[in-house]
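A.B. asks: predicted coordinates and the sequence they were generated for:
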Amino acid sequence: MSTFAKNPKPARATAAKPRFGRLDVGLDEVSEGIRKSTEWLLGLQHPDGYWCGELEADSMLESDYIFMHYLLGTGDPGKMERAKNEILRHQNEDGGWSLYPGGPSNVNYGVKCYLALKLMGYKADDPVMVKARECVLRLGGVTECNTFTKIYLCALGQYDYDAVPAVPPEIILFPNWFYFNIYEISAWSRAILVPLSIIYAKKPFKKISPEMGIDELFAGGRKNADLHLRWDRKRPFGWRNFFLLLDRMTHWFERIHIRPLRHVSLKKAEKWMLSHFEKSDGLGAIYPAMLNAIVALACLGYSKDDPQFIRAMDEFEKLGIDCPEGEPDYPTPTFRMQPCLSPVWDTAQVLSTLGEAGLSRTHPQMLKAADWLFSKEIRTKGDWWHKCKVEDFSCWCFFHNNDHQPDVDDTNEVLLGLKAVDHPHERYQHEVTQRGIKWIFAMQCKNGGWASFDKDNTKKIFEFIPFADHNAMIDPPTVDITGRALEMLAAYGYTRRDPRVEKAVQFILREQEVDGSWYGRWGVNYLYGTFLVLRGLEAIGLDHNEPAMQQAAEWVRMVQNPDGGWGETCGTYDDPTMRGIGPSTPSQTAWAVLGLLAAGDTRSDSVAKGIRWLVNNQTPEGTWKEAAAGRNGESYYTGTGFPRVFYLAYHLYRDYFPLLALTTYKRMMEREGSVA
């Protein structure tokens, strides 16, 4: 069977055609790139029908892995030793560790990695440790760390429980009508904080030898350090000080043992946690929640041979990638952890991209992927239902399994993927997709946009809560998710005549930056947001000549690199003036090209150079590299977890986004009759 669907009017010539005084890349080269990329992706499909690329993250995961196993007395010594190697692999020249490759050293990561190395036998006078210590002290020392880091330190006696922000389990008792309750914070924070509240209440402690301690990481020494959070003296009557006062009061009640609801709240937190183990790959199916859940189970008295503990640990260990023989670009044996697994996301993206690339709508591998996505359809009410009452729905999550926390972005992409397939069970496919669209509309927020996991999760006041210093307490609507929603809805025949669609368009237009770009919440950064918005606006029928689209396209052209590609670093979340600046990467170059094509730009030098960059940088196998030479195999991070806190590299982004860009370009060139 032919891989590609038959084209009734194939191009008669493939030679490049000169336009505006320069020579475009030939469509024969583009077509060959599409063919190689398609074959490469088809070869990566799992026998069950899905795709799942590695999610590469930072050294915090390996340091926490060592911490947890040391605290609980569990773990494979060999894996822990290889995890230590992975930590050393990513140490910066200044001795610290970064949130992303090439980024500045981070104090939380420096403290965690230093402690992990101490637990693995490194001495304070080792040159590696001397450099790490100097870096941490330059960054302010242990007291500058966030709540999560400090609570972990408390468990090994390296910080004081009385000085960390309180995470009382009583918060789970607040009813849903109360202004603050667990369903008014983001889904990921909910999954992290419920088990963390158990840990805080139980206050686990394991004594370690003085040689393993990190007193030397306190600026001025631990005895002289002020371990408590500092008051905001510039705004004495602001929300920060209000919540700090509540925090101090909570600690006072803890010290005098006035906790009348503690037993009840712990029971409810335990019940909530155990219920969320069901139909999920571990609590929340994300690394920090899963780790906290394991420690929380131990705090509640679960033995290591209890089925719940075993299951939680097994799911956690599945996130690991063990390389006992090393890798081609780094021969030292290593073990690294992924923050989660992304099979639904990757499968939906690949499926929709292969459809755009011309793969037959009834190709066996397309149908197998669709069947797998059907098997992951969620019909049960999750956490989102507390704020969005809708019946007879369908939705999908990011992971293999997590029925409690499906998300809008994955559901949008799944619906786009299924649109590329003609399934034999046509009626069933129609019913599934219509239920999915119904759920998407039900999850639309008041301002017209869509968030990820929840509806109208926008109470910014919660960001002032002392334990909210991980910068991810709420889940507000974003333009990138909304842009993809518009693209999906347009594929199913919706137009701006639908008031819900028009409301989404207006939300996006209001959010445009003054330079024409859009902020990207779930990808790095303005290139990601701008490309998804332009794709959505074009699909839903906004005219290419509208000022919003032309201004955005001009911004994209202005930030193109001299080599013809585009790049942007995670540092733009800290410094927006650096937007659109960074080494060229395949995924971000593809986003830029796709954005320009969506804005109607098929004839500029920018598009031609971008396509040339993608063609020239494709490997003979059909893939692309998203890392610079001499980086120990590290990838540039173009995925966003929590802005300013956590980033990651999706290893399949380098494959399906460039393929989509080449395909879209070729289709538009042929449509314009640009080939003789």
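C.D. replies: Perfect, I can see it now. Numbering: from 1, shown residues only.
A.B. asks: where do the strands sit along the protein?
C.D. replies: Residue ranges of the strands in the chain, as given by DSSP state E, are 18-19, 22-23, 55-56, 320-323, 334-337, 639-642, 646-650.
A.B. asks: how about those strands in JSON lines, adding mean neighbour count and mean pLDDT?
C.D. replies: All C-beta atoms are positioned from the backbone trio N, CA, C, and that covers glycine. Listed next are the strands of the chain as JSON lines, based on neighbours: other C-beta atoms under 10 Å; pLDDT from 0 to 100:
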{"stretch": "strand 18-19", "mean neighbour count": "11", "mean pLDDT": "46"}
{"stretch": "strand 22-23", "mean neighbour count": "11", "mean pLDDT": "50"}
{"stretch": "strand 55-56", "mean neighbour count": "24", "mean pLDDT": "95"}
{"stretch": "strand 320-323", "mean neighbour count": "16", "mean pLDDT": "96"}
{"stretch": "strand 334-337", "mean neighbour count": "24", "mean pLDDT": "96"}
{"stretch": "strand 639-642", "mean neighbour count": "20", "mean pLDDT": "94"}
{"stretch": "strand 646-650", "mean neighbour count": "25", "mean pLDDT": "94"}
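A.B. asks: what about these, which gets the closest to Phe441?
C.D. replies: Among the strands of the chain, the nearest to Phe441 by C-beta to C-beta is strand 639-642 (25.7 Å).
A.B. asks: which residues touch Glu538?
C.D. replies: Contacts for Glu538 (C-beta atoms under 8 Å, 6 or more residues apart in numbering) come out as 544, 549, 598-600.
A.B. asks: mind giving me TSV with those and columns for pLDDT?
C.D. replies: As requested, those are exported to TSV (pLDDT from 0 to 100):
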residue	pLDDT
His544	94
Met549	97
Ala598	98
Ala599	97
Gly600	96
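A.B. asks: let's see which of these end up in helices.
C.D. replies: 549, 598 (DSSP state H).
A.B. asks: of the contacts of Glu538, which is the nearest to Gly75?
C.D. replies: Nearest to Gly75 among these, with distances taken as C-beta to C-beta, is Ala598, at 48.5 Å.
A.B. asks: the closest one reaches Leu537, doesn't it?
C.D. replies: Yes. Applying C-beta atoms under 8 Å, one finds Ala598 in contact with Leu537, separated by 7.3 Å.
A.B. asks: overlap in contacts of those two?
C.D. replies: Residues touching both Ala598 and Leu537 (C-beta under 8 Å, 6+ apart): Met549.
A.B. asks: could you point out the longest helix of the protein?
C.D. replies: Secondary structure assigned by DSSP H gives helix 653-671 as the longest helix of the chain.
A.B. asks: other SSEs contacting that helix?
C.D. replies: Secondary structure elements in contact with helix 653-671, counted by 3 or more C-beta pairs under 8 Å, 6 or more residues apart in numbering; DSSP states H and E, are helix 27-43, helix 343-356, helix 586-598, helix 605-616.
A.B. asks: who wins for proximity to Ile151 among the ones you listed?
C.D. replies: Nearest to Ile151, of the helices and strands packed on helix 653-671 and by C-beta to C-beta, is helix 343-356 at 30.2 Å.
A.B. asks: shaky segments in the protein?
C.D. replies: 1-24, 470-471, 628-633, 674-676 (pLDDT under 70).
A.B. asks: returning to what we had before: show me which of the contacts of Glu538 are buried.
C.D. replies: Neighbour-count burial within the contacts of Glu538 applies to 549, 598-600; the criterion is 16 or more other C-beta atoms under 10 Å.
A.B. asks: let me know the closest of the residues you listed to Phe398.
C.D. replies: Lowest distance from Phe398 to the buried ones among the contacts of Glu538 (C-beta to C-beta) belongs to Ala598, with 24.9 Å.
A.B. asks: circling back to that earlier point, tabulate the buried ones among the contacts of Glu538 (JSON lines), appending distance to Val128.
C.D. replies: Listed next are those as JSON lines, based on distance: C-beta to C-beta, whole Å:
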{"residue": "Met549", "distance to Val128": "51"}
{"residue": "Ala598", "distance to Val128": "48"}
{"residue": "Ala599", "distance to Val128": "49"}
{"residue": "Gly600", "distance to Val128": "54"}
